[in-house]
Structure formats: structure tokens, C-alpha cells
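> make a model of this:
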Amino acid sequence: MKVLMAASECAPLIKTGGLADVVGALPAALSGHGIDCRILLPAYPSLQPLLSDRRQVAQFHDLPGGFGQIVLVTFQGMDLLLLDAPQLFDRPGLPYTDPNGVDWTDNHLRFGALAQAAARVGLDGVDGWQPDIVHAHDWQTALTPVYLKQLGQAAPKSVLTIHNIAFQGRFGPHVMSELGLRGDWFHPEALEYHGDLGFLKGGLMFADRITTVSPTYAHEILTPQYGMGLEGVLQARTGILSGILNGIDTGAWNPADDPALARDYNARSLGRKAESCAKIAERVGLDPDAKGPLFCVISRLTEQKGLDALAAAVPHIVERGGQLALLGSGDPALEQAFVDASHHFSGSVGAVIGYDEAFAHLLQGGSDAILIPSRFEPCGLTQLYGLRYGTLPVVARTGGLADTVVDANVAALRAECATGFVFDDVSKVGIEAALDRVFDCFDDNKKWQMMQRAAMRQSVGWEQSALEYAELYQSLMA
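Got it, this is the predicted structure:
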């Protein structure tokens, strides 16, 4: 079976979040099920070096935004199809924003072109390769199922995965003609969404199957609290909606063989984590002789992630003898709050604003617990990294966090299967109550190490999830 994956990001080439990690890891996992995947991406500036060994396999003169060509390249065993359209993608900044953090005004053309290119590759194939399934990811490629239906009756089946329903791709109705979309589809049962064109809405209406990245999130987005206005659309399509939990690349995230750590370790040598802890303390100015737990945060700093509530609970961490090391960026007010905390609680709180992949690995390897107090979280990957590294997740009960962390309640502790701490109230009070449970458990070294080993035994790779995707593809082919 052949599957074309269309996405705006793919680790390690271009990444702003978990979407990239999924697109970068899932194809390799699917290959074990006899599925031949190719990934279609925009040829961003960071990908230009790959074009030196390129082979053109298609040209399109009439994409939204003008001319584009598809070039075939290979990177670390992945077959990539790059949409080379310099007028759309050869720009500074992040994939969606300019260097000042402002959305590009022609994002509808940029990602409309990507979606249409995916549909045309799906219909016509490239270089003798014809996909059976076209799998689109998030709003940036959500028009792919729409174009497939519009361009041909013999189209391959389509799958659309929602990674975060909060990002929907809404644009004014005037862009319909610029994108070459059928005008008679601009109505509530198709592409129209509160007077706008909705990229994600359209994809949800036209896809043959819809998935999201955890079973709990698949249920949550059917409700007004989490559906972000699209719950009615999804309720009408529950028969084709399913949640398949994300996995992680267990080769790239492996404490037994991670060059970012001060010393590697496994479940039988957890004491070696202390050496990475000392390295963290040196990096962010923490007291190396502290006896309490070291908490880490690796996150976008937004209210969605509950970091405003966590900032208010920082004094409680310090009062109980703990330390906090944070890596992240986002809301300027939250960035400043954690920088201020690092100054006010010097030696107990450290903050690195930005993102550093190696430091993220070090934080997982050297910390005792990772804090993820998200108000909603489709899947989350940092808690999976935490489980892999024996860094116990402290998580809100939502989405994939609820699906992957076994709370340290009495029954789970007795059964020796607890892997973290789960709480419901994302507020200062609620987080402080969860922290108190962590401190109490940390004081019992035998119990803590039992939980670490249970966490490290948990399967967090792609094996089961890849099987579920393979079965989904097979059901579509049948």
C-alpha cells in the first residue's frame, strides 16, 4: 500500500511543535506494516540544501499563488516530495509567520497550494508512484480532501488528522476564487464557517476518515468546551472519527544512548540521573546541593498549557524545597513571569527562553518530574519523553495526558503500575495540591524509584499506533 502524507512540518527538518515529530516518525513505523510512505512538504529555506540532489517529478503552472514544481529527494531514509515554489515558501521567519511573529497575509495561498499539490499528486501520481491513500495533517493541508473531491471522481481515499483543533485556518470568503474552489460549496454544509472559508472545517466535511491524536481528545472535541466551534461538524461525522495515540521516536529519545546527557542510564541505574541534574544546575544557576525534587517544564508558554497557573504556584515549589528549570517561549508576559521568578528565587528557579533540542533532552534526563498542567492537550509528547526517561509526569487530566499517565493513587501504587500524577483543577490551588502529592511521594525513595521503573517500562513508541493506522488504511481500501 502507498500513502502520501501532506504536512507543513516534519522533524528534524522543520519543526514548531508535535506535528513535526509525528510526521517525521510515523512513516518509518508504517513501513513495518508494508506501507510505502512519501511525505509532501513545502521547500522552506531550511530545506533548500536538499534540493542540490533533486529530481523534478512534476510541474504545476496554476497552483494558488502561481507556479510550483515537485522535486523528489531522500533524507535519512525518508522519501520526500518538496513543493518548490519560492514565491510562497522561500522566506525568513517561521513556517507561518514573518520574523516579527505576524502571520503571512498570503497563508491561504501558501497552504492552499500545498493542499492542491497533494491532491494532484494523489490523483496523478509522480515518477511512477501512485498513492492509494492521501493523509493530510492539520489545517495547513486540510483542503486536500476538498481538492480531491473537486478534481476527480477516481480520487484516492483521504484521511485528515487533527493535531490541535484550536488552529483552524480561517480566511475571508474572497479567497475562494483565489484558491480555485467551487463557489457553490461556500455554504454551511461544505466550506463556509461563520461567513469565512474554513480550511479545517472543509477538510472535516470532505475527508473519508478523520483521526485525532488520542482517544480522549477524540471524545473531548465533540463537546463545546474543547471543540472550538467545530463540535457540531464532528458530531455529525462521529462514524468516521477515531483517536489514535501518538508515539515517540524511541531511538532519538533513549536515556541509555543519549549524547545530550551527562551520563547515560537505564531503569537499573537511575542514580546516574544525578549527573545530568548537576549539569542542568550549572546551565541555569540552580543550587547543586539542593535535596528536593527538580521539576522541569519544556513547553510553549501559553494559557492553553496552563503556564499562567503554574507561574502562580512557583513560590510553593520553592517553599517545599523543590527546584524548577524551564525551557520555552511564547506569551511575552509569561516569559517575563518566569524570568522574574528566576531572579526572585535565584538558585531555586532557572529559565531559558527559547528552544534548545539538546537542553530539552538534558532536562528530561536530569529532572525528577516534568510539569504539564495543560487546560487541553490533544496528545502531548513531553509526558511520553518523561516516561521514557523516568522523569515522572505531573499532568492535567485531559486529552492524551489522561490516556498515557497512570495516576499514583492507592490502587496503582499497590499494583506498582503508577507512572505519574494526574490532577483536575488547573489553577494555582489545584497545581499546589498536585505538587504536595509529588513532594510526599519523593520523600519515599523506594516508592519513587518503583514509579520511575514503571514509567520506563511503559510502551511509548509507535508500534501499536502504527498498527492502528495500518488497519485504518486497510479499512478504507476495503
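> remind me which residues of this protein are low pLDDT?
Scanning the chain for pLDDT under 70 picks out no residues.
> domains of it?
2-247+463-477, 255-457 (automatic domain parsing).
> so how far is the first one from its chain's centroid?
On the basis of CA atoms, centre = their mean, to the nearest Å, domain 2-247+463-477 is displaced by 14 Å from the centre of the chain it belongs to.
> one step back: as a markdown table, the domains of the chain with mean neighbour count would be great.
C-beta: built from backbone N, CA, C; applies to glycine. Output for those, formatted as a markdown table (neighbours: other CB atoms under 10 Å):
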| stretch | mean neighbour count |
| --- | --- |
| domain 2-247+463-477 | 19 |
| domain 255-457 | 20 |
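> SS state for F111?
Following DSSP: H, G, I helix; E, B strand; the rest coil, F111 is assigned to helix.
> repeat for A360
A360 is classified as helix under three-state DSSP.
> look up how far V406 lies from it.
24 Å (CB to CB, to the nearest Å).
> quick one: contacts for H361?
Going by CB atoms under 8 Å, 6 or more residues apart in numbering, H361 touches 253, 258, 260-261.
> one more time with 7 Å, if that's ok
Contact partners of H361, counting by CB atoms under 7 Å, 6 or more residues apart in numbering, are 258, 260-261.
> same check, this time on R283
Counted by CB under 7 Å, 6+ apart, R283 has contacts F359.
> mind doing that once more with 10 Å?
325, 327, 350, 352, 356, 359, 362-363, 366 (CB atoms under 10 Å, 6 or more residues apart in numbering).
> so which helix or strand takes in it?
Using DSSP states H and E, R283 sits within helix 273-284.
> can you give me the helices in the stretch 101-250 of the chain?
Assigned by DSSP state H, counting those that start in this stretch, the helices in the stretch 101-250 of the chain fall at 107-124, 144-151, 175-178, 199-206, 215-220, 224-227, 231-235.
> quick one on the thing from earlier: distance between the helix holding R283 and the chain's centre?
27 Å.
> for it, list the C-alpha coordinates in CSV.
Extracted C-alpha coordinates of helix 273-284, given in CSV (Å, rounded to 0.1, in the frame of the first residue of the first chain):
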residue,chain,number,x,y,z
LYS,A,273,20.4,10.9,36.6
ALA,A,274,22.1,13.0,39.2
GLU,A,275,25.0,13.8,36.9
SER,A,276,22.6,15.3,34.3
CYS,A,277,20.9,17.1,37.2
ALA,A,278,24.2,18.8,38.1
LYS,A,279,24.7,19.8,34.5
ILE,A,280,21.2,21.4,34.5
ALA,A,281,22.0,23.3,37.7
GLU,A,282,25.2,24.6,36.1
ARG,A,283,23.4,25.7,33.0
VAL,A,284,20.6,27.7,34.7
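> what's the following helix or strand after it?
Remark: after helix 273-284, the chain's next helix or strand is strand 294-301, criterion DSSP H and E.
> tell me the contacts of the most far-flung residue of the chain relative to its centre?
Computed with CA atoms, centre = their mean, the maximum C-alpha offset from the centroid of the chain is found at D289, amounting to 35.2 Å. Counting by CB under 10 Å, 6+ apart, D289 touches 278, 281, 347.
> got it, and P259?
Taking CB under 10 Å, 6+ apart, one finds 358, 361 in contact with P259.
> tell me the secondary structure at it.
Following three-state DSSP, we place P259 in the coil state.
> got the contacts of R283 as TSV, with secondary structure columns?
Output for those, formatted as TSV (three-state DSSP):
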residue	secondary structure
A325	strand
L327	strand
G350	strand
V352	strand
D356	coil
F359	helix
L362	helix
L363	helix
G366	helix
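> so which of the residues you listed comes closest to D106?
D356 (31.2 Å; CB to CB).
> quick check: closest non-adjacent residue to the closest one.
L327 (6.5 Å; CB to CB, 6 or more residues apart in numbering).
> who are the contact partners of that neighbour?
Counted by CB under 10 Å, 6+ apart, L327 has contacts 280, 283-284, 296-299, 301, 350-357, 359-360, 362-363.
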